[in-house]
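Q: Give the three-dimensional model of this entry:
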Amino acid sequence: MSKFNKIGVLGAGAWGTALAVTVAEAGREVAIWAREPEVADALSRGDGNPVYLAGYDLPALQTSTDMAVLGDAEVILSVVPAQHTRQALTSLGPHLKGQVPIILCSKGIERGSLSLMTDVLRETLPDAIPGVLSGPSFAADVARHLPTAVTLACEDEALGRDLMEAIGRPTFRPYWTNDLVGAEVGGAVKNVLAIACGIVEGLQLGKSAHAALIARGFAEMTRLGIALGGKRETLSGLCGLGDLVLTCSSTQSRNMSFGKALGEGRTAADILAERKTVTEGAATAPAMVQIAEREGVEMPICAAVHAILSGERTVQDATSDLLARPFRGE
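A: Have a look, this model is predicted:
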C-alpha cells in the first residue's frame, strides 16, 4: 500500500490534467487547483478539460480555483509554467501542513533570477521536500494510457520509492535518481533545442541536419548540466536524451511547432499571441544563455535561438552563423 494517498496537483493545464488522471487511476485521492473557473467547473463535473486537453473522456476530479483545496495533500505535483512557479508556490504556502514533498513538473529556468525551479521552491517554501518529475511524456499520450517512462528525482531513495509507488502505473513508469540538477537542466535545455529543431524543419534543411542538431544540442545540454553539478548519466537518461529525442522529433511538441513556424517565416510574437498554452523554451532561452555565459559554457545552438527570439538575428542569419563556425574536434 502506498505511503501517500492524497495527491494535490497545482495547475490544470494539459500536463497537470494528465498527471491528475494518472494518479487518480492509480487509486489515489486527487485534488487539483486550476486558475480558470471554466476548467475547474468542467473537471469537477467530469466534462474533461475543454481548454487544455480537449477531446479526452476524463473522470470527474475534485478541482477548485481556491488553493485551499490542496491543504490536505500529502504530496503536491507543481505543474504551473516555470515563469509563474514562484508566485504559485508563494500563494500555496499558507495552505500547506508540515513538510510536504513538492514535485516540480514544469521545465524551465526563471528569468531575472536565473533560478532552477528547485531553487525557487527552496526560496519560497524552505520546509518543503523538493523533487523533480521530468522525461519524454506528451500529455496526450499519458491521457490515452500509452506507455510512458519518466525520471523522478529526489534526494532520499526511500522517499523516491514511496513516491514512485504513489504515482506509478504499468503505463506510467517513474525511474528514481537523486540528481535533481541533472533532471532539471535536461528538461529546460531540451525545450530550447526543440525550437532549433523546429526551425530546421521549417527551413526544410533535411533529416541529416536535424540529427546533427540533436547530437550537438545534447553536447550543449551535457556541458551545462555538469557545470551546474548534474551527472552525465542523468542527462543520458530519460530526462535528458530521452526527452530531447521526443521533443525534437514531433510537432506535437509546442516548442518544436513554434520553431517550425519561425522557420517558415512567421514572427515569434504572432505565433505566441495565438496560443493558449505556454511555450516554455521561448521563455527559458534568455535565462539559459545568461547562465551559460556565467558558467563559461559554450552553447551556440541555444544562443542562436535566443538571438532569433530577441530580434538580434534573423532565422537565416543565425543559421548561417552556425554553419560558418570553425571546424573542431567532437
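
Q: Pull the distance from the helix ranked longest in the chain to the chain's centre.
A: For the chain, the longest helix by residue count, based on DSSP state H, is helix 180-202. Distance of helix 180-202 from the chain centroid (C-alpha atoms, centre = their mean, to the nearest Å) equals 10 Å.

Q: how about that helix as CSV, C-alpha atoms only?
A: Taking Å, rounded to 0.1, in the frame of the first residue of the first chain, the C-alpha atoms of helix 180-202 are listed here in CSV:
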residue,chain,number,x,y,z
LEU,A,180,17.7,17.0,-9.1
VAL,A,181,20.0,19.3,-11.0
GLY,A,182,20.5,16.9,-13.9
ALA,A,183,16.8,16.3,-14.1
GLU,A,184,16.0,20.0,-14.2
VAL,A,185,18.7,21.0,-16.7
GLY,A,186,17.7,18.3,-19.1
GLY,A,187,14.1,19.4,-19.2
ALA,A,188,14.9,23.1,-19.5
VAL,A,189,17.6,22.8,-22.3
LYS,A,190,15.6,20.4,-24.4
ASN,A,191,12.8,22.9,-24.8
VAL,A,192,15.2,25.5,-26.3
LEU,A,193,16.8,22.8,-28.6
ALA,A,194,13.4,21.7,-29.8
ILE,A,195,12.8,25.3,-31.1
ALA,A,196,16.0,24.9,-33.0
CYS,A,197,14.9,21.6,-34.4
GLY,A,198,11.6,23.1,-35.4
ILE,A,199,13.5,25.9,-37.3
VAL,A,200,15.5,23.2,-39.2
GLU,A,201,12.2,21.6,-40.1
GLY,A,202,10.6,24.9,-41.2
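
Q: What lies in contact with the helix or strand following that helix?
A: Per DSSP states H and E, helix 180-202 leads on to helix 207-227 as the next helix or strand towards the C-terminus. By C-beta atoms under 8 Å, 6 or more residues apart in numbering, the residues outside helix 207-227 that reach it are 181-182, 185-186, 189-190, 193, 196-197, 200-201, 231-232, 234-236, 240-241, 244-245, 248, 288, 291-292, 295-302. In short, each C-beta sits where N, CA and C put it, glycine included.

Q: State the next helix or strand along the chain beyond helix 207-227.
A: Note on helix 207-227: by DSSP H and E, the next helix or strand toward the C-terminus is helix 232-235.

Q: quick one: contacts of that next one?
A: With contact meaning C-beta under 8 Å, 6+ apart, helix 232-235 is reached by 151, 153, 177, 179, 182-183, 185-186, 218, 221-222, 225-226, 240-241.

Q: Buried ones in that helix, by neighbour count?
A: 234, 235 (16 or more other C-beta atoms under 10 Å).
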